[in-house]
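Chemist: how would this look folded up:
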Amino acid sequence: MIFSTDPVLRVQSATVFQGNRSVLENISFEMEKGEFVFIIGRTGSGKSSLLKTLYADLPLRLGDIDVTGFNIRGIKTKEVPMLRRKVGIIFQDFQLLQDRTVAENLTFVMRATGWKDSSKMKNRLAEVLMQVGLGSVEKKMPHHLSGGEQQRVAIARALLNEPLMLIADEPTGNLDPDVSLGILKVFQQINKSGTAVLMATHSYGLIRKFPARILKCEEGRLLDSKKENFVLETETY
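Modeler: Predicted structure coming up:
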């Protein structure tokens with residue numbers, strides 16, 4: 001087996017659009033396998049648009065982006081589900097199916113991504129729930145869980161296919177500080193197991209408690225703490 005040392009993410013001279021307006025221009029950066037990176041910036045600065053471009057929810061019109069071996073510029077519609085097996089996505093609003101139990105939410109994703117063996121599905125379901133620190137919640141409906149528990153289920157869902165990378169768009173945005181801290185610790189544990197994590201956040205408190213590389217969207221540019229120094233403002237964006 002050949003072990004690849006290629007970056008899990010490579011962005012070269014890319015311009016990111018919101019509709020017909022460019023929000024980030026001519027940006028370039030790489031992210032290594034197993035790396036943890038925060039992405040910050042004011043509302044409208046292009047954070048979410050960049051993340052959506054990375055997982056092919058928005059088209060890439062200028063430049064090149066390679067995510068886990070997929071060329072985003074030329075990606076075909078039929079390839080997008082394969083990309084999203086290698087890239088787990090977590091949203092601020094959980095996006096769980098409210099009319100299904102936790103187990104049914106996870107099983108739905110597994111079936112949609114090609115799982116067929118019921119015993120393997122059951123084992124994997126238990127594994128990912130254990131990985132995010134949840135016990136016997138399989139039969140519970142999402143509305144019977146706290147916000148933090150729902151986000152843990154959403155993270156478990158993103159882990160089902162053992163992705164090389166997690167993209168998290170404001171995953172603690174709807175949670176109080178203590179719960180947010182617990183969620184970030186979950187991401188850290190996942191990262192320690194070798195999964196790269198790219199997390200957008202408005203919480204500078206979390207960044208200060210858990211220092212990591214930072215990408216900052218600002219006035220159409222992408223600043224990288226790996227290459228340049230910049231000050232974290234005191235306000236929450």
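Chemist: Please list the residues outside the longest helix anywhere in the chain that contact it.
Modeler: Criterion DSSP state H: the longest helix present in the chain is helix 177-192. Residues outside helix 177-192 that contact it (Cβ atoms under 8 Å, 6 or more residues apart in numbering): 34, 36, 131-133, 146-148, 151-152, 155, 159, 166, 168, 171-172, 175, 197, 199, 203, 205-206, 209-210. Just so you know, the C-beta spots here come from the backbone N, C-alpha and C atoms, and that holds for glycine as well.
Chemist: Out of those residues, which end up buried?
Modeler: Neighbour-count burial (16 or more other Cβ atoms under 10 Å) applied to the contacts of helix 177-192 gives 36, 131-133, 147-148, 151-152, 155, 159, 166, 168, 171-172, 175, 197, 199, 203, 206.
Chemist: The longest helix of the chain: which residues count as buried?
Modeler: Buried, per 16+ other Cβ under 10 Å, within helix 177-192: 179, 180, 181, 183, 184, 186, 187, 190, 191.
Chemist: mind saving the C-alpha coords of that helix as PDB?
Modeler: Extracted C-alpha coordinates of helix 177-192, given in PDB (Å, rounded to 0.1, in the frame of the first residue of the first chain):
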ATOM      1  CA  PRO A 177     -20.200  28.500  25.700                       C
ATOM      2  CA  ASP A 178     -19.900  25.400  27.900                       C
ATOM      3  CA  VAL A 179     -21.600  23.100  25.300                       C
ATOM      4  CA  SER A 180     -19.400  24.700  22.600                       C
ATOM      5  CA  LEU A 181     -16.300  23.800  24.600                       C
ATOM      6  CA  GLY A 182     -17.500  20.100  24.700                       C
ATOM      7  CA  ILE A 183     -18.100  20.100  20.900                       C
ATOM      8  CA  LEU A 184     -14.700  21.500  20.200                       C
ATOM      9  CA  LYS A 185     -13.100  18.800  22.300                       C
ATOM     10  CA  VAL A 186     -15.000  16.200  20.200                       C
ATOM     11  CA  PHE A 187     -13.500  17.700  17.100                       C
ATOM     12  CA  GLN A 188     -10.000  17.700  18.700                       C
ATOM     13  CA  GLN A 189     -10.300  14.000  19.500                       C
ATOM     14  CA  ILE A 190     -11.400  13.300  15.900                       C
ATOM     15  CA  ASN A 191      -8.500  15.300  14.700                       C
ATOM     16  CA  LYS A 192      -6.000  13.300  16.900                       C
END
